[in-house]
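Trainee: Quick one, what's the 3D model for this:
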Amino acid sequence: MENKKNSTPFDIIVFIENSGYAFDELKYKKLAKIYGKEFEFIPGKICKDEILAHGKSFGDAYLIAEALEKSSLLANVEFFYKISGRIYLKNAKSILRTKNKYRNEFIMYQGKKWCFTNIFKANKEDYLSVLNDVYLDCDEISVNDIEISFFNRLCTSDISMGSFYTYPYFEGKMGATGENYSGRLVERIIRNIMARLHFFTKDSLTSKLLAKIIH
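Mentor: Here you go, the predicted structure:
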């Protein structure tokens, strides 16, 4: 974690989790200071009953709302990047190249009616108005997970958004399958080409056309 904190281009790091395990916040605050960054830890609400009733998507979405409500470091920011804590973003500098181009950046799959939520960039004001209580929509029992809930909210909103010009490259393995989050080299190359062709934007013509061909 020390090396990753040193190499990340993000100057503010807010870590929120709801496992209830002890976390040495002071240690990482000192470490962040060494590398010229700011670190904040927020112990999130343990939504045991809600997660049992609706699935882990509820907890994932709730943590974002809780972080925005409680974080002192995020109090006055214009926008933020959400990245799942269990994975490491290897191409963060490439992702940040479009930070001033789009107000919001989401990876949308029109054919699947699905939004990638392991990473996104959001204008704070827009997120609070459109997605802050999206956890109320999350219910994996009725096959309405966080990715579908995000997609539906974003598609019915009028906020300005684009997508990254490069596809996120994650280091880490999926807990369920043990497979790499970013797949093999060929898969990553194809996704990067699709990203440059604006395939993953909300109003992507190429994505909609491909979805019609497939279906």
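Trainee: from here on, contacts and neighbour counts on C-alpha atoms
Mentor: Will do.
Trainee: and the lengthiest helix in the chain, what other elements does it pack with?
Mentor: Taking DSSP state H as the assignment, the helix of the chain that covers the most residues is helix 56-70. With contacts defined as 3 or more C-alpha pairs under 8 Å, 6 or more residues apart in numbering; DSSP states H and E, helix 56-70 has these neighbours: strand 12-17, helix 48-54, helix 146-155.
Trainee: Recalculate using a threshold of 6 Å.
Mentor: Packed against helix 56-70, as judged by 3 or more C-alpha pairs under 6 Å, 6 or more residues apart in numbering; DSSP states H and E, are no other helices or strands.
Trainee: which residues touch that helix?
Mentor: Asn132, Tyr135, Cys138, Asp145, Ile146 (C-alpha atoms under 6 Å, 6 or more residues apart in numbering).
Trainee: Partner strands of the strand ranked longest in the chain and their direction?
Mentor: Looking across the chain with DSSP state E, the single longest strand is strand 114-123. Partners of strand 114-123 in the sheet, by DSSP bridges, are strand 79-83 (antiparallel), strand 105-109 (antiparallel).
Trainee: quick one: average pLDDT of it?
Mentor: Averaging pLDDT along strand 114-123 gives 96.
Trainee: quick check: angle from it to helix 56-70?
Mentor: Computed by axes from the mean of the first three to the mean of the last three C-alpha atoms, to 10 degrees, the angle separating strand 114-123 from helix 56-70 equals 0 degrees.
Trainee: and the next element down the chain from strand 114-123?
Mentor: helix 124-130 (DSSP states H and E).
Trainee: What lies in contact with that next one?
Mentor: By C-alpha under 6 Å, 6+ apart, the list of residues contacting helix 124-130 reads Glu78, Phe79.
Trainee: Tell me the buried residues in that helix?
Mentor: Lys124, Asp126, Tyr127, Val130 (16 or more other C-alpha atoms under 10 Å).
Trainee: Mind exporting the C-alpha coordinates of it to CSV?
Mentor: This file holds the C-alpha atoms of helix 124-130, laid out as CSV (Å, rounded to 0.1, in the frame of the first residue of the first chain):
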residue,chain,number,x,y,z
LYS,A,124,-20.2,16.4,-6.6
GLU,A,125,-23.2,18.6,-7.1
ASP,A,126,-24.5,16.4,-9.9
TYR,A,127,-23.9,13.2,-7.9
LEU,A,128,-25.8,14.6,-4.9
SER,A,129,-28.8,15.6,-7.1
VAL,A,130,-29.0,12.4,-9.2
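Trainee: what's the residue nearest the centre of the chain in contact with, if anything?
Mentor: Centroid-nearest residue in the chain: Ile119, 2.6 Å away (criterion: C-alpha atoms, centre = their mean). By C-alpha under 6 Å, 6+ apart, the contact list for Ile119 reads Lys82, Ile83.
Trainee: please begin residue numbering at 44 from this point
Mentor: Let's use 44 as the start, then, which means that last one is Ile162.
Trainee: re earlier: any chance of the strands paired with strand 157-166 in JSON lines, plus mean neighbour count and distance to Ile85?
Mentor: What follows is those, written out as JSON lines (neighbours: other C-alpha atoms under 10 Å; distance: least, C-alpha to C-alpha, whole Å):
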{"stretch": "strand 122-126", "mean neighbour count": "16", "distance to Ile85": "14"}
{"stretch": "strand 148-152", "mean neighbour count": "24", "distance to Ile85": "25"}
